[in-house]
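Chemist: could you look at this predicted model? Sequence included:
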Amino acid sequence: MGRPTIHDVAKRAGVSKSLVSLVMQESPYVSDERRAAVLEAVEELNYRPNAMARGLVQQRSHVLGVMLSNLHNPFFADVVTGIEASALERGYRAFFNTGVRVREREAIALETLLQLQADGLILAGTLLDMKTITKAAKAVPIVLISRATRSKHVDSVACDERLGAKIAVDHLISLGHTRIAHIDGGLGAGAKRRRRGFEVAMAAHGLDPVVTAGSYTEKGGAGGVRELLATDQHPTAIFAPNDLAALGCLQALADADRSVPDDVSLMGYDNAWLAGLRHISLTTIDQPRNELGTMAVELLMERLEDGRKDSRHIVLEPSLVVRTTTAPPAKGL
């Protein structure tokens with residue numbers, strides 16, 4: 001037996017197909033008796049309505065498309081939680097995909113979400129250029145997460161990356177560190193702002209900023225540490241671009257027989273769930289991850305349900321979370 005159709009449900013319930021459609025749309029204009037008959041037939045046949053066909057009729061799919069930059073980065077887990085909970089609360093479902101941190105793959109992922117007729121899109125940590133994003137925004141509302149922009153065509157919700165970097169530097173200096181290095185986040189969303197915030201904060205304290213190449217990955221963090229170990233001037237503290245990179249730093253430092261925080265202090269960024277694990281206990285900068293996801297959905301709802309036309313750009317404040325990977329300086333690397 002093939003997949004049951006709306007015709008099968010109507011025949012079993014003894015009603016018209018249009019009445020079945022009304023029940024599926026939760027219309028109040030159906031009697032309790034007929035509604036019960038349709039729902040009983042739906043249950044017996046294990047019928048699932050065609051969401052795409054229903055969307056064509058209603059001119060609304062009630063689906064939000066969400067593209068995540070990197071499924072391996074635990075930062076996005078809490079962002080997803082905020083998106084999904086807020087979407088369900090507003091009667092929408094969220095469909096997730098990823099571009100695996102490659103622009104070409106992100107372009108394909110974006111096109112997939114557009115073809116699925118999502119009512120609105122959330123791009124979290126995207127590497128796509130604004131020209132591509134603006135073109136897509138002509139079709140559906142788009143919200144960027146963790147990517148600051150002043151675009152008139154899309155909305156955004158991000159954390160103040162420069163402030164977060166300043167908080168990190170101020171914390172390390174308060175412990176007595178003066179030789180502080182930052183591992184750059186490469187092309188990662190917000191990485192340039194974190195780097196600039198680090199440089200400005202160091203300069204404000206009369207210190208020379210040391211920056212080495214890296215990325216928002218464990219490999220990027222480990223590579224940054226190895227580059228620092230190869231220099232003559234070893235820092236007493238390292239500010240990693242995010243928590244995932246900080247894990248790579250921890251591993252590379254352990255491989256080099258360097259202890260954290262006895263030999264070198266280490267700071268992350270994001271306060272992802274793994275940062276709080278007892279055996280990691282990473283001092284880090286907290287981004288309100290759940291709120292980023294919730295606010296992104298709210299911005300979409302303002303356009304989809306309330307008809308807002310002008311763009312909105314929300315910037316949230318980060319905060320310091322002190323754990324055990326930072327301490328007063330010792331002998332350095």
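Modeler: Ah, there it is. This is a predicted model, so every value here is computed, not measured.

Chemist: any idea whether the closest residue to Phe96 other than its chain neighbours is helix, strand or coil?
Modeler: In this structure, Phe96 finds its nearest non-sequential neighbour in Val66, 4.8 Å apart by Cβ to Cβ, 6 or more residues apart in numbering. C-beta: built from backbone N, CA, C; applies to glycine. Under DSSP: H, G, I helix; E, B strand; the rest coil, Val66 falls in the strand class.

Chemist: which parts of this structure are helices?
Modeler: Taking DSSP state H, the helices of the chain run over residues 6-13, 17-24, 32-45, 51-58, 75-89, 103-115, 130-137, 161-174, 191-204, 218-229, 243-255, 289-304.

Chemist: can you flag the weakest of those helices by average pLDDT?
Modeler: For those, mean pLDDT drops lowest on helix 51-58, to a mean of 49.

Chemist: ok, which of the helices of the chain comes nearest Phe95?
Modeler: Nearest of the helices of the chain to Phe95, taken as Cβ to Cβ: helix 103-115 at 7.1 Å.

Chemist: other residues contacting stretch 95-105?
Modeler: By Cβ atoms under 8 Å, 6 or more residues apart in numbering, the residues outside stretch 95-105 that reach it are 63-71, 80, 106-110, 112-113, 116, 118, 126-129, 187, 216.

Chemist: how far does it sit from the chain's center?
Modeler: Mean-position distance between stretch 95-105 and its chain equals 12 Å (Cα atoms, centre = their mean, to the nearest Å).

Chemist: burial measure for the nearest residue to Gly186 once chain neighbours are set aside, as a count.
Modeler: Spatial nearest neighbour of Gly186, excluding adjacent residues (Cβ to Cβ, 6+ apart): Ser215 at 3.9 Å. Per other Cβ atoms under 10 Å, the neighbour tally for Ser215 reads 23.

Chemist: verify the stated contact: Ser215 with Ala222.
Modeler: No - taking contacts as Cβ atoms under 8 Å, Ser215 lies outside contact range of Ala222: 10.3 Å.

Chemist: this protein - how does it break down into domains?
Modeler: Domain assignment for the chain, taken from automatic domain parsing, gives 6-49, 59-159+288-317, 161-287.

Chemist: include distance to Pro328 when you put the ones you listed into TSV, please.
Modeler: TSV is the format used below for the domains of the chain (distance: least, Cβ to Cβ, whole Å):
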stretch	distance to Pro328
domain 6-49	62
domain 59-159+288-317	27
domain 161-287	5
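
Chemist: deepest-packed of those, please.
Modeler: Most buried of those, by mean neighbour count (mean count of other Cβ atoms under 10 Å): domain 161-287, with a mean of 21.

Chemist: from the opening residue of it to its closing one, how far?
Modeler: Its first and final residues considered, domain 161-287 spans 9 Å by Cα to Cα, to the nearest Å.

Chemist: please compute how far it lies from its chain's middle.
Modeler: The answer for domain 161-287 is 21 Å, by Cα atoms, centre = their mean.

Chemist: circling back: right, and the domains of the chain - which one's nearest Thr324?
Modeler: Comparing these by Cβ to Cβ, domain 161-287 comes nearest, at 4.2 Å.

Chemist: out of the domains of the chain, the one nearest Arg323 is which?
Modeler: domain 161-287 (4.2 Å).

Chemist: grab the nearest non-local neighbour of Arg226.
Modeler: Ala252 (5.9 Å).
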